[in-house]
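1. generate coordinates for the sequence data below:
(chains A and B)
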2 protein chains.
Amino acid sequence: MLGTDSVPSAKGDIKTLCSPEDRQRIHVGWVAGPSDAREEYDHGGSPPPIDLPDVQLQNHLWETYVNAQISLWIDCDSDDEELAAMSEIELWKELNYIAYMGLRSAVIRLKHADSPRLAQVLNQWLWTKNVNLGLWILIPTRFDDFIRLSSDTRDCWTVWANFRKLCSNFYSQKLIAGLQFTVDIDDEFVDKKLLSRWKAEPLATFCVDVDVFVRCRETDQISLPPAHANLLLDLWMPEKGRIMVRGSSEHDTSPSLQRQCAQALRAIVRDVNDRPSGITFSGFLVDSNISYIDVLQVPLQPLADNLDSCVYNTFEQDPVKYKRYREAIESAVHDFGELSSHPEHLVLWRNRCVIIESDMRNIPVIASGKGYPQPDIVVSELLGSFGDNELSPECLDGITPFLKPSTISIPQTYTSYVAPIMSLHIHQQIKMCGASYWNRGISGHGRNGTTLQADGSYRQCYPQGEYIANMDQIYVAYLRQYCALAEPKPLFTFNHPNFTKESNARSGWVSFEIDRPADLMGFAGYFHMNLYKDIALSIVPSTYSEGMISWFPAVVPLRELYRVQNGDTITLNIERKVDDTGVWYEWFIHHTVILLIIYF
Amino acid sequence: MLGTDSVPSAKGDIKTLCSPEDRQRIHVGWVAGPSDAREEYDHGGSPPPIDLPDVQLQNHLWETYVNAQISLWIDCDSDDEELAAMSEIELWKELNYIAYMGLRSAVIRLKHADSPRLAQVLNQWLWTKNVNLGLWILIPTRFDDFIRLSSDTRDCWTVWANFRKLCSNFYSQKLIAGLQFTVDIDDEFVDKKLLSRWKAEPLATFCVDVDVFVRCRETDQISLPPAHANLLLDLWMPEKGRIMVRGSSEHDTSPSLQRQCAQALRAIVRDVNDRPSGITFSGFLVDSNISYIDVLQVPLQPLADNLDSCVYNTFEQDPVKYKRYREAIESAVHDFGELSSHPEHLVLWRNRCVIIESDMRNIPVIASGKGYPQPDIVVSELLGSFGDNELSPECLDGITPFLKPSTISIPQTYTSYVAPIMSLHIHQQIKMCGASYWNRGISGHGRNGTTLQADGSYRQCYPQGEYIANMDQIYVAYLRQYCALAEPKPLFTFNHPNFTKESNARSGWVSFEIDRPADLMGFAGYFHMNLYKDIALSIVPSTYSEGMISWFPAVVPLRELYRVQNGDTITLNIERKVDDTGVWYEWFIHHTVILLIIYF
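-> From the prediction side, this is the model:
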């Protein structure tokens, strides 16, 4: 029942000995092959007792270095009902015992392509036990390794995704995926498009059978075959990853072989750890020492809330945005004929500057009252990650009565974009984000506002309940644990000045062809904005304004993860609604399935 | 509007300059006296504009070093309705501006003994603004300094307690008390019994007017008068404390005077910081690096849950408990006549040891089945912080059928104790403790248990709602930010063996005379246990088993803070109820007020 990740003073049936190189955050452990009595149980009669010491190691050593492994004979989904029923009971006992010992992780191998009874036990355990124990669910990298119907054409990712769904898509710090590297690996672990789905899963563990390694005849060095090495390279998460090597017989545990395997694996993952992360955060994001990665933020509402000076201060450090604005303004002024000679004329503007402190929608009244001339150029920066979501159209329309036909608006036009995404992590983060007791009155999403309660407290009201309300909201997040399922497509466009008073309500739909089985979590949202002519700012990945840091993508979630298949068409229907009291979005998906009808 | 705690490069109207000695966690700042226009506003006409720079300091300097001070002319509770109404508007504006600048603290002086309109503004601000800003409410140490009716005989603590109640007893990281030291201080700040109430309040700030200091004629050194120094000594919290010195005129800001004041204050609080905290935690609690102080724990339920080996391991490190058990066993064995010669006979027991793995309530059946003899001595350790709350009586009754009349139970008897306590912090902690999304299914208090939901999740049901359910529960906590309002009194006693089968249901009441105005939060719970004859273990403060670490006090909360007055009698009525499915407590208080009727 026990495997280990290196035990300083291991005795008895604990066999493994690779010391972790903590400073590199690479854990390579070694687990014994199936050899003890409990592994070899032949299910005739009562199961062998759990017979392990509980005081051999100090608590913190159990917690840090030892992984439990659920006995291999346990098979809750066996066709043999007696074995299945006994397995359920014994699994619960083993989990209890692991919790009693204070271990932090238990490895469970998925044997069947469908494991509803195992999932039921684990789901109940996860929801009802107050134990700091992560369950590592091992999935082989070959679909044929599952017990399954021969007609079954699903893939290994689907097996895992079905399993975690049966476990309520439980929190990924407790329900964790692992890949069991087989000698032959399926195409879904070679094809980049298919394997990218695992980047949206809580995949933190790799278990490599010693048979998988190959030995070079000339150098006598062992290494992983290229396909396996690439898989590990692609999916390794430096902060969380763990590798276990599993010997299949007694001689596999020779210290020399262990050392060689560990060396071969470390060489691969060390490359990943040293590789730049692809994040091009500028200094201030790194300096601020706040983790933005995969962290949900509620979009700013500058029209409803006053932002503090720190926020503006941060925005103003963007190395790209203001450069582009300057180029756009120069170009517009030039076209206007004002700037024929020298850009230094710009500094003279200071003497002609009037600051009007008010909601910009009141400017037509104020400015006409004071007799100010109509402007030649209007410059604004009011965009959210999803383009119009911070109500730039409403703000700019508010000053339109004060403009003249020749007034230039910078920006001139912007378009929101959406792309379907997978991300268990973001889905779970949204589910979790309940307001604390003292924050219940802080105005959030929803149109019901904050109301004073009889006890003197204030509270937000959510008719659909707080958990669903959390799903019915647009977020902003720097996305990493996710997988884009298609390229972004344009959604809503706004042009300024809006002299024709076109409504800012919108209604649209965008369809995406799905090219792999996947769990749709929602949509990433982006914008592309033309400041003036072709001078643009964009957070759409294909046209991204390199070096710009002011916007992370928006996330438009679905209430539940939605399973899609290769060949399906998914359509996002989304409306931007406007009335006298606010602006909001409503969205849903519809799903077209290609039915293949075969006549015999 | 701005005071400061030392600004590295202060300019303009920011006048103060004592550098904090961070390494000692003592902040002594200096604030300017009322001198700028906004302070001197005479409420004829419109208020002066808020006219402060927002870029003079970097954000992190604003955050760290500068305290805002709400303009002194602001008086929401003025009899002058025009001033009051304008004050409400301007206070909201000043708070907005402070939030905009990114400051972390704002000082507000309470002028009136009753400030309902000020409280209403702050209460709405606290509940609805998502801003990391602490409001420091300054209370003078002389009741006569408040604007009040001359017949008003309340005290300064009551003024503060009423004010925070009007602010919904809001979270003490946002609503913080401060004392404004006056030249003369009232008896409530000298009398230890009265001033101890402030230990139950979020008192983190002291503001000392420069006039309060006295100068020694011989040495020319300045110092605080003894009463003020003692007050500071008694109430200073080393981790959170801050002191501001306020000059009353221009010459008070001379660097030499500032230095002397700071020196005098640091000398006092440095003594507190160096003073042992009174905590006698043994090594393991300190080593574990977990903060237990004022942290709520849900009592263990060893009869319902299996505890993990870490818990037992921790308990077994108690330096006192097992010593006393050994003494009790030796004494009982001695009385039994077995141990006439030598205590080493005890080691022979190993050879006569039988371990029965089962619920102890099944032992009569198992032991009779196997023909084991009836025991001479039964040793158990099943007590919770509140004595019987971990169901020791039920467990021990479960083996009674297997005992003989001469069987000795160790322990022989135990009694729970209760004492009324004040503690805003613990009250707030309980209010806040909502289960996270993924912990909604973990079995807690309440009798409704965990149920499977349609979506596959599990959930606890609380008919009274989660917030009230949190209050209807006994906790365990190492109490520090609290004030005991009376000595503990005994409640329920259990004797073992319980051959007469006396019911374990109990019903009782305990009355306490209240000797000061206070906010009753609930009751601290303790036990005193006689292991054998006079060999005892106790966590009742007056008989505490010194050096014992296994139990922190229990806390029996009330749903709301309850105001009591000097001379009142408070009675706790509490029942221990038992049925086939469980054991639970029900409690309420009643309150007897002495009415003084005076005839003229």
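2. count the neighbours of A:Leu195 for me.
-> Residues lying near A:Leu195 (other Cβ atoms under 10 Å in any protein chain shown) number 23. The way it works is simple: take the backbone N, C-alpha and C, and place the C-beta from them, glycine included.
3. where's it relative to chain B, distance?
-> Using Cβ to the nearest Cβ, to the nearest Å, A:Leu195 is found at 28 Å from chain B.
4. and if you look at A:Cys310?
-> Noted for A:Cys310: a distance of 4 Å to chain B, by Cβ to the nearest Cβ.
5. for that residue, which three-state class applies?
-> Three-state call for A:Cys310 (DSSP: H, G, I helix; E, B strand; the rest coil): helix.
6. need the nearest residue in space to A:Asp568, chain neighbours excluded.
-> Counting by Cβ to Cβ, 6 or more residues apart in numbering or on different chains, A:Asp568 lies nearest to A:Ile514, which is 4.4 Å off, once chain neighbours are set aside.
7. hmm, I was thinking of A:Met471
-> A:Met471's closest residue in space is A:Arg559 (Cβ to Cβ, 6+ apart), at 4.4 Å.
8. work out for me the element A:Arg266 sits within.
-> Secondary structure assignment for A:Arg266, by DSSP states H and E: helix A:255-274.
9. so for stretch A:102-115, what's the average pLDDT?
-> Stretch A:102-115 shows an average pLDDT of 94 in the prediction.
10. what's the closest non-adjacent residue to the residue of the stretch 301-450 of chain A found nearest chain B?
-> Scanning the stretch 301-450 of chain A for proximity to chain B using Cβ to the nearest Cβ identifies A:Gly441 as nearest, at 3.5 Å. Residue nearest to A:Gly441 in three dimensions, not counting chain neighbours: A:Tyr458, with 3.0 Å by Cβ to Cβ, 6+ apart.
11. show me what contacts the one you found?
-> By Cβ atoms under 8 Å, 6 or more residues apart in numbering or on different chains, A:Tyr458 lies in contact with A:Arg440, A:Gly441, A:Thr450, A:Thr451, A:Leu452, B:Gln124, B:Trp127, B:Thr128.
12. which pair of those spans the longest distance?
-> Between any two of these, the greatest separation by Cβ to Cβ is 13.5 Å, found for A:Arg440 and B:Gln124.
13. which phi and psi does the nearest residue to A:Trp160 once chain neighbours are set aside have?
-> Spatial nearest neighbour of A:Trp160, chain neighbours left out: A:Ile139 (5.0 Å); criterion: Cβ to Cβ, 6+ apart. Phi and psi for A:Ile139, reported as degrees, to the nearest 10, are phi -120, psi 130.
14. pretty sure A:Ile139 sits against A:Ile176.
-> No. A:Ile139 is beyond contact range of A:Ile176, at 11.2 Å (criterion: Cβ atoms under 8 Å).
15. list the buried ones in stretch A:507-527?
-> Residues A:510, A:512, A:514, A:516-527 are the ones in stretch A:507-527 that count as buried (16 or more other Cβ atoms under 10 Å in any protein chain shown).
16. which pair of the residues you listed spans the longest distance?
-> Farthest apart among the buried residues of stretch A:507-527 - using Cβ to Cβ - are A:Pro517 and A:Phe527, which lie 30.3 Å from each other.
17. helices - which of the contacts of A:Tyr458 land there?
-> With helices taken from DSSP state H, the overlap with the contacts of A:Tyr458 comprises B:Gln124, B:Trp127, B:Thr128.
18. most surrounded residue in those residues?
-> B:Trp127 (23 neighbours).
19. list the contacts of that residue.
-> By Cβ under 8 Å, 6+ apart, B:Trp127 lies in contact with A:Trp438, A:Arg440, A:Gly441, A:Ile442, A:Thr450, A:Ser457, A:Tyr458, B:Ser168, B:Phe170.
20. now swap in A:Asp187 and tell me
-> Listed by Cβ under 8 Å, 6+ apart, the contact partners of A:Asp187 are A:Leu194.
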